[in-house]
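1. One predicted model, sequence on top.
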Amino acid sequence: MESSPFMQSISFLLLLFPLLGFLAIGLFQKELNKKLSGIIASSFVFLNLILTFILFWYVSSTNQTVETNLFDWIKFANISIPFAITVDRLSALMLLVVNGVGFLIHVYSIGYMKNDEGVNRFFSYMNLFIFFMLILVLSSNYLMLFIGWEGVGLCSYLLIGFWYKDHANNNAAKKAFIMNRIGDLGFLIGIFMMFHTFGTLNISEVATKASVMPSGSTALLVITLGLFAGAIGKSAQIPLFTWLPDAMAGPTPVSALIHAATMVTAGVYLVARSSVLFMLSPVTMNLILVIGIFTALISGLIAIYQNDIKKILAYSTVSQLGFMFMALGLGSFSGAMFHLTTHAFFKALLFLAAGSVIHALNQEQDIRKMGGLRKKIPFTFALFAIGAIAISGIPPFAGFFSKEMILSVAYEHGMGMGIIATFISLLTTVYMFRLLFVAFYKPESDAVKANHHIHESPKVMLIPMAVLALLAMVAGFVQIPALFSTNITVFSTYLSPIFFAAHQLVPASGQNLTVLTEWLTLLIPLTIIAALVYFSYIRFAKDRVPAELSGIQKVMANKFYVDEIYDFFFVKPTEKLSLFLRETVDQSIINRLINTIGNSTLYIGGRIRLLQTGNVGFYLIIMVFSIIAILFFNLIR
Amino acid sequence: MIIALLLILPLFASLFLFTGKTGQQSKNFALLASLVLFAISLIGGYELIVTPGKALFSNVDLESIFGVNLMFKIDAISIIFVILTTLLVPIIIASTDKKEHRTPHFYALIMLMQTALIGVFAASDMILFYIFWELSLIPIFFITARWGGENARKISIKFLIYTVVGSFFMLIAILYLYTLTPTPHSFSFDSFYQLKLSYSQQIPLFLAFFLAFAIKIPLFPFHSWQVETYNASPVQGTMLLAGIMLKMGLYGIVRFLLPLCTDVVANGSLIFLPLILFGVIYGAVIAISQPHLKKLIAFASLSHVGIIALGLLSNSRYGIEGGILQMFSHGVNVVGFFLCYYMIVKRTKTDKISELGGIASMAPRFATIFMIIVLANVALPLTNSFVGEFLILLGLFTYNKILAIIAGLTIILVAVYMLKMYQKIMYGEKKASTENFTDLTFNETMLFVPIIIAIFAVGIYPSFVLQLLQGVVK
Amino acid sequence: METTVTQLQMIPLVYYIIFCTALFTIGVVGVLVKRNALAIFMSVELMLNSANLLLAAFSAYRNDPSGQVFVFFIMVVAAAEIAIGLALLVVVYRSSRTIDINILNRLKW
């Protein structure tokens, strides 16, 4: 089926615009007016957004995929890896998220970064990020996906370390890049194994070829484990999750765009993209499930005891990503994608609102030094509250619907799994409302009282937030739980062609719950949420001195000492090894050995030289005895 | 014709430059000559691209006079290295600074070096190959000894003896091969390729060649000349060494080890690949804690060329083609890296990483260029190294999965030491030595332009190199 | 001529060998113990001549004249060598006023 040339050129333009934006702003950094760069960058993304709508309309109405082959990237012998882009329903959805949220955040950044001297650099990186993210989303083969994958990692590195004068930022950036690289190695190995097994890297061809393989074969296990390792790195799952909270060192719009809405969800996208492969590898699926649950639990617990507003949100992101992976592990690909989408809206909103708070308080991020902001910056407060409600899964906001979609799958899988999933989603309520009450309700802290410059953010920042808030409120209605109505399943219907092949492979095994149970699993958590909100209000909104942390709380507040453990087991030994190899092995052994060979030659020469005494009598004696010896040896031989 | 020009032009330029008067004039002349050479080599490359599988020949028949036949042949593999040489030499020549006061002899030696390097890559006869191989030592020895830093003489002598010991083994291997050729004996490559060597003949050949190349490349544990020589040599000498000269060893692997010792390469890989792999990790780990920038580049280079050797000896097409592509990329990247080093040292007079910092805020243009070169070294996709490393690791993976996974660790380690180095030098607050760091001048920027073009051209469209090789790699 | 050979052959060959060995040994010992360069030269000549004598003797016993031809060669070469050697000695003596080999030891390491 030939794709229409018009759609093809549109999908190509999608890549071209952000690249142009990057080059235009990047190359003329010095010359460009600082006010202009944000407008240029935003308008390129805006153009992309329009194109995205066209493409989205096209693929959702015709159920066709748009394939465009740009040029052959690597081609010789039996390798053929073209630079080709594919727009299908899944990538169109991601396009909407990336370009939509991306555009809003670009606009927001115009206000947020206004007074920064590196604003041109900032926007060039942002456009570069969009470019690589689109490559990631649009690629039709895994190696090209890997380009985008590493490319967004680079942009993340550049943007986390955006304020590079402070080495703390740079260390965070470096950490992010290196941890991602660890995952990338897994990704590469997965790609190698894939090529080795199937002889191609084309995503759809791989899926076709894999679907006839027996479930649980070793090759598929290696491939999926490799890909999942990549996803772990990029989506900050256990054991590679510690980079994401550190990544909050970057400017807040970056945290919103890269580290909440788009890049970190790439892991989820990758697994969903390779749904056929993963479905055929039950071991990996179980691993994903376990890792997802543990990540969601642990980071949710850590989030409760953090005091930095952005760190709380970061751990919340890790936790939500864990939740998505749990959904993937349960086989609910569309559930994960739905939560990914809604999460992009409300988490971006929360970050932007947090940015607005930070902006208002002159870069203050510690929530203990906030309080009473409800009255000082009411709009921001309202927007933040919408985000908090949405993420906590309180109806009728978007989070409720997406979480409900995952929870129902979990309950179908088994009552135990359902309770675990519910518990995870309840954690969200605790840390989000703690944050909300401490920052906005609690009586004003001294720092806030002393600060007379607290001001509401400009419109250029508020309007994008308002749009996101609107989305966070209504986006859920496209997929209503079966309990209320069986007709409105726009989202899963939209994605069903993508995951059709994967779901065909494994027969649906979940038991159907009775209507009563379903109501109970819906209502009990909601009641608990209500209770939790109330208790949080009592506990945190009043002016009470926080109790001393003790025992397990301390461990949670210190993030389970994961950083320290890694430092002890990986970083320090590597440095020691490096020093040992450099000083001992290289200098004292190898180099000395070589030098010893040279020096001993000199030394032996120097010694043998002394035989040349100059005494003729000595020479003569040696000569005579040597002759006698030679003759004698000839005689006895 | 092209080959003759490629050899004679730099030789005469070199001889002419020995009589030169002022350094500046000589520099201009040498630059002009090397640019002309670059153009000529591009013409050669174009001819090979339009007719795939073609090779340029040149035969100087001196049979009647000296009893030898000078045979030159440039095929697709050779032309890559010839172009690498002619691309980098102008950059190297242009990089000398006015303040450094180089005499005309300096440029004459560089041109002589270029003659020797092109000769090595173009020779199609073992004796010629050997002569050029050894000839290349002479100019680099004098460049290091005469214009080098601390202890330069001692170190250059060590370097000379060390590499000559290696070539000595190669000479033995060449003579051994010569005796095996059917009468009348011949030194030409073709007659060697036609030999059907038994396994027991291949083993000593392999060992002798491998030792020679391992010292030249250098591979662990024969690398101890490298760091010292890089460190002592003036930066132009280091660029010649790291960018082009060590490719001679890898080129030797492609030319001799692979076609002649096929069985040993096929069967014995599990013995020497782990050794090379150890060297790869070894270099990368040392680079993490290396306090001097120039030595860091040396160890990084040790690690990178080790990967190339892994690919070449991995017994798979992907590995070999990736290796050849990566040789080109490495040459470009390492020269770019040394140029960055030179820009820093020129301004701050130190290459101790701990004494540098905060350059990015004062020199944004330099910071961008340096970042691109660092990323190319890290093998980020769309830069030149990625395709090469990907193919090498893929080749290695098809040969042995465990080795490939261990080799893959370098993509993590390379990120560790490169980013650590870049962060400490470029980011943070400025230090005393970087107080007055000025951004690149126009001339200095122009030095980087061809390098950056090469980085992205090969990264985005490597197919033309790969397809060029298609007919040659068997 | 015939008679000389016959006369020579009358003495048993072993006598010649013993005599020449003794002569050679005297030469060797002379070379080793003497410090005067001139005396060493003379001892060397003694060794040469003992070898010559032995050659001549064997030549007579085997009726093979080539041995005697060799003897002439050796004598000629030895004369030439002595001429150069003595000339050197004279030069050395002029410059250092001695021909004691233990003093002439400056040509070392």
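-> Sure, I can see it. Numbering: from 1, shown residues only, chains lettered A, B, ... in the order given.

2. Rank the helices and strands of chain C by mean pLDDT and give me the bottom one.
-> Lowest on mean pLDDT, DSSP states H and E among the helices and strands of chain C sits helix C:2-10, with a mean of 76.

3. what helices or strands is that one leaning on?
-> Applying 3 or more Cβ pairs under 8 Å, 6 or more residues apart in numbering or on different chains; DSSP states H and E, we find helix C:2-10 packed against helix C:37-62. Any C-beta I mention is one placed from the backbone N, CA and C, and that applies to glycine too.

4. buried set for the helix or strand following the helix it packs on?
-> Downstream of helix C:37-62, the first helix or strand assigned by DSSP states H and E is helix C:66-96. By neighbour count on 16 or more other Cβ atoms under 10 Å in any protein chain shown, the buried set for helix C:66-96 is C:Gly67, C:Val71, C:Ala78, C:Ile82, C:Gly85, C:Leu89.

5. could the residues you listed go into a markdown table alongside distance to chain A and pLDDT?
-> Shown next, in a markdown table, are the buried residues of helix C:66-96 (distance: Cβ to the nearest Cβ, whole Å; pLDDT from 0 to 100):
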| residue | distance to chain A | pLDDT |
| --- | --- | --- |
| C:Gly67 | 21 | 88 |
| C:Val71 | 22 | 92 |
| C:Ala78 | 18 | 90 |
| C:Ile82 | 17 | 89 |
| C:Gly85 | 13 | 90 |
| C:Leu89 | 12 | 90 |
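
6. wait, which of the residues you listed is closest to chain B?
-> The nearest member of the buried residues of helix C:66-96 to chain B, counting by Cβ to the nearest Cβ, is C:Gly85 at 41.6 Å.

7. Which residues are in contact with the closest one?
-> If you count contacts by Cβ atoms under 8 Å, 6 or more residues apart in numbering or on different chains, C:Gly85 has them with C:Phe41.

8. separation between it and C:Val31?
-> 13 Å (Cβ to Cβ, to the nearest Å).

9. And B:Phe159, by the same measure?
-> Remark: distance between B:Phe159 and C:Val31 (Cβ to Cβ) = 49 Å.

10. Where does pLDDT dip in chain A?
-> For chain A, applying pLDDT under 70 flags the ranges A:1-3, A:485-487, A:506-513, A:543-548.

11. any idea which strand is longest in it?
-> strand A:66-76 (DSSP state E).

12. what's next to the helix or strand containing A:Phe12, contact-wise?
-> Assigned by DSSP H and E, A:Phe12 belongs to helix A:5-27. The set of residues external to helix A:5-27 that reach it, using Cβ under 8 Å, 6+ apart, is A:32, A:37, A:40-41, A:44-45, A:47-48, A:51-52, A:54-55, A:58, A:66-68, A:70, A:85, A:87, A:95, A:120-121, A:123-125, A:127-128, A:130-131, A:134-135, A:138, B:368.

13. which helices and strands sit right next to the very next helix or strand once past it?
-> Counting by DSSP H and E, the element after helix A:5-27 in chain order, helix or strand, is helix A:34-62. With contacts taken as 3+ Cβ pairs under 8 Å, 6+ apart, helix A:34-62 sits against helix A:5-27, strand A:66-76, helix A:89-112, helix A:119-138.

14. Next, the buried residues of helix A:34-62.
-> A:37-38, A:40-42, A:44-49, A:51-52, A:55-56, A:58-59.

15. Do a quick rundown of the helices in the stretch 251-400 of chain A.
-> Taking DSSP state H, counting those that start in this stretch to define them, one finds helices in the stretch 251-400 of chain A at A:252-256, A:266-273, A:275-279, A:282-304, A:309-329, A:333-360, A:373-376, A:378-392, A:398-413.

16. got the angle between the longest one and helix A:282-304?
-> It refers to helix A:333-360. Our comparison of helix A:333-360 with helix A:282-304, counting by axes from the mean of the first three to the mean of the last three Cα atoms, to 10 degrees, yields an angle of 20 degrees.

17. what's the answer for the last one, then?
-> For helix A:398-413 against helix A:282-304, the angle between stretch directions is 140 degrees (the same axes, to 10 degrees).

18. Quick one: list the elements packing against helix A:398-413.
-> Counting contacts by 3+ Cβ pairs under 8 Å, 6+ apart, helix A:398-413 is packed against helix A:309-329, helix A:333-360, helix A:378-392, helix A:415-436, helix A:459-474, helix A:515-536.

19. Mind doing that once more with 10 Å?
-> Packing partners of helix A:398-413 (3 or more Cβ pairs under 10 Å, 6 or more residues apart in numbering or on different chains; DSSP states H and E): helix A:282-304, helix A:309-329, helix A:333-360, helix A:378-392, helix A:415-436, helix A:459-474, helix A:490-505, helix A:515-536.

20. give me the low-pLDDT residue ranges for the stretch 301-450 of chain B?
-> Applying pLDDT under 70 to the stretch 301-450 of chain B flags no residue at all.

21. So which residues of it form helices?
-> Listed in chain order, the helices of the stretch 301-450 of chain B (DSSP H, counting those that start in this stretch) span B:317-348, B:359-362, B:364-378, B:384-399, B:401-426, B:442-460.

22. The fourth one versus helix B:364-378: what angle between them?
-> Pointing back at helix B:384-399 there. For helix B:384-399 against helix B:364-378, the angle by the same axes, to 10 degrees is 10 degrees.

23. Nearest residue to B:Val280 in space, please, no chain neighbours.
-> Distances taken as Cβ to Cβ, 6 or more residues apart in numbering or on different chains place B:Gly306 nearest to B:Val280, at 3.7 Å, with adjacent residues excluded.

24. Would you confirm that C:Asn102 contacts A:Asn615?
-> Yes - with contact defined as Cβ atoms under 10 Å, C:Asn102 counts as touching A:Asn615 (6.6 Å).

25. and the next element down the chain from the helix or strand in which B:Leu109 is found?
-> Using DSSP H and E, B:Leu109 sits in helix B:104-122. Counting by DSSP H and E, the next helix or strand C-terminal to helix B:104-122 is helix B:126-135.

26. and the next helix or strand after that next one, what does it pack onto?
-> Following helix B:126-135 in sequence order, the next helix or strand is helix B:137-147 (DSSP H and E). If contacts are counted by 3+ Cβ pairs under 10 Å, 6+ apart, helix B:137-147 sits against helix B:104-122, helix B:152-180, helix B:224-232, helix B:235-239.

27. Turn these into JSON lines, columns for mean neighbour count and distance to chain C.
-> Listed next are the helices and strands packed on helix B:137-147 as JSON lines, based on neighbours: other Cβ atoms under 10 Å in any protein chain shown; distance: least, Cβ to the nearest Cβ, whole Å:
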{"stretch": "helix B:104-122", "mean neighbour count": "26", "distance to chain C": "37"}
{"stretch": "helix B:152-180", "mean neighbour count": "18", "distance to chain C": "23"}
{"stretch": "helix B:224-232", "mean neighbour count": "23", "distance to chain C": "31"}
{"stretch": "helix B:235-239", "mean neighbour count": "27", "distance to chain C": "37"}
